[in-house]
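Colleague: build me a model:
(one chain, ligands or ions: 1)
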Amino acid sequence: MKEILPVNGSFQLMELPYPELGQAVSAATLSYHHGRHLRTYVDNLNKALPDSGFAGRSLQEIVRHADGALFNNAGQVLNHTLYFEQFSPAATRLSEVSDIYNLLLRDFGSVEAFCKEFEQKGASLFGSGWVWLSADDSGKLVVTQHANADNPVCHNLKPLLTFDVWEHAYYLDYQNRRADYLAALWPFVDWQVVAGRL
Ligand code: MN
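Modeller: Here you go, the predicted model:
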């Protein structure tokens, strides 16, 4: 993923690339998630930036090195950017993207085994956070769960795919059924976007 830089001193709210994701995520959920939750993280990041010592640095550098409120807001901006950009109502299927498909087979044995581990780690994360597929520094793919605003870049991992398991990501549509939300997202993952992060 390329470094995300501020424009004239401020990080921009990304465009939401689609109004809804079929039956998986409603327009109401996406409207609140992007227009309220992500917007607040962007606004709070920009308010904290001038006196932080991180003005002009990339979003990824801030996430790697900042702490406290600056880290929390920058982390959530990075996490949500990766999340919203990786989905599409007309997603490129995994079977059409051979480089990531072959790596998943190599490191998890089957696509089904990968999806099962990813969903299990998403469903079992206690409280708020994110489940991730990342590449480690040897290129091996790994699934990890991280709390709150944490991101794989803080753990020497390259983030490839993430599902948001904060309640705000699914509660309007699924209430307490987090596992159903996780299972419903797969048809909308654009594997061309994921492979582009390798
Ligand atoms: Mn979220």
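Colleague: pull up the residues of the chain that are close to the ion.
Modeller: 164, 166, 169 (CB under 5 Å from the ion). From N, CA and C alone the C-beta is placed, and that goes for glycine too.
Colleague: pull out the buried positions in stretch 172-189.
Modeller: Across stretch 172-189, burial judged by 16 or more other CB atoms under 10 Å covers 172, 173, 174, 178, 181, 182, 184, 185, 188, 189.
Colleague: which two of these have the greatest separation?
Modeller: Pairwise distances across these (CB to CB) peak at 20.9 Å, for the pair 172 and 189.
Colleague: if we can go back for a sec, how about CSV for the buried residues of stretch 172-189, with pLDDT and secondary structure added?
Modeller: Putting the buried residues of stretch 172-189 into CSV (pLDDT from 0 to 100; DSSP: H, G, I helix; E, B strand; the rest coil) gives the following:
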residue, pLDDT, secondary structure
172, 97, helix
173, 98, helix
174, 98, helix
178, 98, helix
181, 98, helix
182, 98, helix
184, 98, helix
185, 98, helix
188, 98, helix
189, 98, strand
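Colleague: so the residue sitting nearest the centre point of the chain, which state does it fall into?
Modeller: Centrality entry for the chain: nearest residue to the mean C-alpha point is residue 83, 3.4 Å, by CA atoms, centre = their mean. Under DSSP: H, G, I helix; E, B strand; the rest coil, the three-state class of residue 83 is helix.
Colleague: any idea how far residue 56 is from it?
Modeller: 25 Å (CB to CB, to the nearest Å).
Colleague: so residue 142 sits in a strand?
Modeller: Yes. According to three-state DSSP, the state of residue 142 is that of a strand.
Colleague: wait, it sits on residue 134?
Modeller: Yes. With contact defined as CB atoms under 8 Å, residue 142 and residue 134 form a contacting pair (5.7 Å).
Colleague: who has more neighbours out of those two?
Modeller: Shown here are residue 142 and residue 134; by other CB atoms under 10 Å, residue 134 has more neighbours (22 against 16).
Colleague: in contact with residue 183, which residues?
Modeller: Contacts for residue 183 (CB atoms under 8 Å, 6 or more residues apart in numbering) come out as residue 119.
Colleague: please identify which helix or strand holds residue 161.
Modeller: According to DSSP states H and E, residue 161 maps onto strand 158-164.
Colleague: what number of residues lie near the residue nearest to residue 172 when sequence neighbours are not counted?
Modeller: The shortest distance from residue 172 to any non-neighbouring residue, by CB to CB, 6 or more residues apart in numbering, is to residue 29 (4.8 Å). If you count neighbours by other CB under 10 Å, residue 29 ends up with 20.
Colleague: residue 29 sits in which helix or strand?
Modeller: Assigned by DSSP H and E, residue 29 belongs to helix 27-32.
Colleague: and the next element down the chain from that helix?
Modeller: Following helix 27-32 toward the C-terminus (DSSP H and E): helix 39-48.
Colleague: and the nearest residue to residue 104 once chain neighbours are set aside, helix, strand or coil?
Modeller: With CB to CB, 6+ apart as the criterion, residue 104 has its nearest non-adjacent residue at 5.0 Å, and that residue is residue 114. Under three-state DSSP, the three-state class of residue 114 is helix.
Colleague: all good on my end, thank you.
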